[in-house]
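> need a 3D model of the following:
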Amino acid sequence: MKSFVLILAALLAGPAIASSGHYPLEKAPVDLANTVSLQRGAATFGSYCSGCHSLGYMRYSRLTDIGLTEAQIKQTLLPAGAKLGDTMGIPMRPEDSKAWFGVRPPDLSVEARSRGADWIYTYLRTFYRDDTRPTGWNNLVYEKVGMPHVLFTLQGEYALNHESAEGHGAGALIKVKDGQLSPAEYDALIGDLTNYLAWVSEPAQASRVRMGFFVIGFLLIMLVVAYALKKEYWRDIH
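Numbering: from 1, shown residues only. Model prediction:
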């Protein structure tokens, strides 16, 4: 019983731990029913993330669940030599990734379930220039992160505002160079990418929720039928 209580407490504390930290997390615009957003997120992941980060628990063929056809997957997302039934690995060798980044980039299949969608959304929007780091980048959410800011050409470059950095509240970052996208456009792109990673972490979630409503409705109907039968069977006794 003691072990069960400890495990339950850890599970309940998980979201709090994921959201705790020096920088407040912002709410991610997750909408698993928005297939257009999921498709845009898949395209962004394929263009900017899939070179280093794998999705080892996801197969390319599963992308048909978000409205992509097999022809579209083959044309835009499937690497050369890969098959639709393959899992989403990476071409980079483990020894190369460790030499370049100091550690192998993690698989992101369940990252949204592990850290939370809000963490991913905020993390990808809070990189800043830091010449003391090997990559030249640091992050407000993940201090001393080993990952470079691969999307800086889209977002632009930010620097740490030391006057307001304490507590990491609003104004902790100041823009020093514009990117290809406006702040609103970049936030929308990261929102789609976060939405996609949230879907990847549990692709059956939407269908499971729909099934749950059907089950609850069926049980409610059966409750009425069972109550009516109970009254009929016990009518003469009462």
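
> what about His53, how many residues nearby?
Around His53 there are 22 other residues, counting by other Cβ atoms under 10 Å. Any C-beta I mention is one placed from the backbone N, CA and C, and that applies to glycine too.

> surely it and Ile90 touch.
Yes - with contact defined as Cβ atoms under 8 Å, His53 counts as touching Ile90 (6.8 Å).

> and Ala159, which of the three is it?
Secondary structure assignment for Ala159 (DSSP: H, G, I helix; E, B strand; the rest coil): strand.

> what about Asn34, distance to Gly191?
Using Cβ to Cβ, to the nearest Å, Asn34 is found at 10 Å from Gly191.

> check Val30 too.
In this structure, Val30 and Gly191 are 8 Å apart, going by Cβ to Cβ.

> looking at these two, which has the bigger crowd around it?
Just comparing Val30 and Gly191: by other Cβ under 10 Å the higher neighbour count belongs to Gly191, 22 against 19.

> secondary structure element holding the more buried one?
Take DSSP states H and E as the rule and Gly191 turns out to sit in helix 183-201.

> okay, that helix in CSV with CA atoms only?
Written as CSV, here are the backbone C-alpha positions of helix 183-201 (Å, rounded to 0.1, in the frame of the first residue of the first chain):
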residue,chain,number,x,y,z
PRO,A,183,6.5,36.7,-34.0
ALA,A,184,2.9,35.7,-34.6
GLU,A,185,3.8,33.5,-37.6
TYR,A,186,6.6,31.8,-35.7
ASP,A,187,4.3,31.2,-32.7
ALA,A,188,1.8,29.6,-35.1
LEU,A,189,4.5,27.4,-36.6
ILE,A,190,5.6,26.2,-33.2
GLY,A,191,2.0,25.7,-32.2
ASP,A,192,1.5,23.4,-35.2
LEU,A,193,4.8,21.5,-34.4
THR,A,194,3.8,21.1,-30.7
ASN,A,195,0.3,19.9,-31.8
TYR,A,196,2.0,17.3,-34.0
LEU,A,197,4.3,16.0,-31.3
ALA,A,198,1.3,15.8,-28.9
TRP,A,199,-0.5,13.7,-31.5
VAL,A,200,2.5,11.5,-32.1
SER,A,201,2.8,10.8,-28.3
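
> which elements pack onto it?
Using 3 or more Cβ pairs under 8 Å, 6 or more residues apart in numbering; DSSP states H and E as the contact criterion, the elements in contact with helix 183-201 are helix 35-48, strand 55-59, helix 111-115, helix 117-123, helix 152-155.

> what about 10 Å?
In terms of contact count using 3 or more Cβ pairs under 10 Å, 6 or more residues apart in numbering; DSSP states H and E, helix 183-201 is assigned the packing partners helix 35-48, strand 55-59, helix 111-115, helix 117-123, helix 152-155, helix 205-233.

> low pLDDT regions in this protein?
Residue ranges of the chain with pLDDT under 70: 1-21, 94, 97-98, 101-102, 163-171, 238.

> and it, what are its domain boundaries?
Using automatic domain parsing, the domains assigned to the chain come out as 2-124+182-203, 209-238.

> most packed of the ones you listed?
Among the domains of the chain, domain 2-124+182-203 has the highest mean neighbour count (mean count of other Cβ atoms under 10 Å), at a mean of 16.

> and it, how far out from the chain's middle?
When C-alpha coordinates are averaged (Cα atoms, centre = their mean, to the nearest Å), domain 2-124+182-203 and its chain have centres 4 Å apart.

> CA atoms only: put stretch 42-62 into PDB for me.
As requested, C-alpha coordinates have been extracted for stretch 42-62 and formatted as PDB (Å, rounded to 0.1, in the frame of the first residue of the first chain):
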ATOM      1  CA  ALA A  42       4.500  17.100 -39.600                       C
ATOM      2  CA  ALA A  43       6.000  19.100 -42.500                       C
ATOM      3  CA  THR A  44       7.900  21.300 -40.000                       C
ATOM      4  CA  PHE A  45       9.200  18.300 -38.100                       C
ATOM      5  CA  GLY A  46      10.300  16.700 -41.400                       C
ATOM      6  CA  SER A  47      12.100  19.800 -42.600                       C
ATOM      7  CA  TYR A  48      13.800  20.900 -39.400                       C
ATOM      8  CA  CYS A  49      13.800  18.200 -36.700                       C
ATOM      9  CA  SER A  50      13.900  14.800 -38.400                       C
ATOM     10  CA  GLY A  51      17.600  15.100 -39.200                       C
ATOM     11  CA  CYS A  52      18.500  14.700 -35.500                       C
ATOM     12  CA  HIS A  53      15.400  13.500 -33.700                       C
ATOM     13  CA  SER A  54      13.700  10.200 -34.300                       C
ATOM     14  CA  LEU A  55      10.100   9.200 -33.700                       C
ATOM     15  CA  GLY A  56      10.900   5.600 -33.000                       C
ATOM     16  CA  TYR A  57       7.400   4.600 -32.000                       C
ATOM     17  CA  MET A  58       5.700   6.100 -35.000                       C
ATOM     18  CA  ARG A  59       5.400   4.700 -38.500                       C
ATOM     19  CA  TYR A  60       5.200   6.800 -41.700                       C
ATOM     20  CA  SER A  61       2.000   4.900 -42.700                       C
ATOM     21  CA  ARG A  62       0.300   6.200 -39.500                       C
END
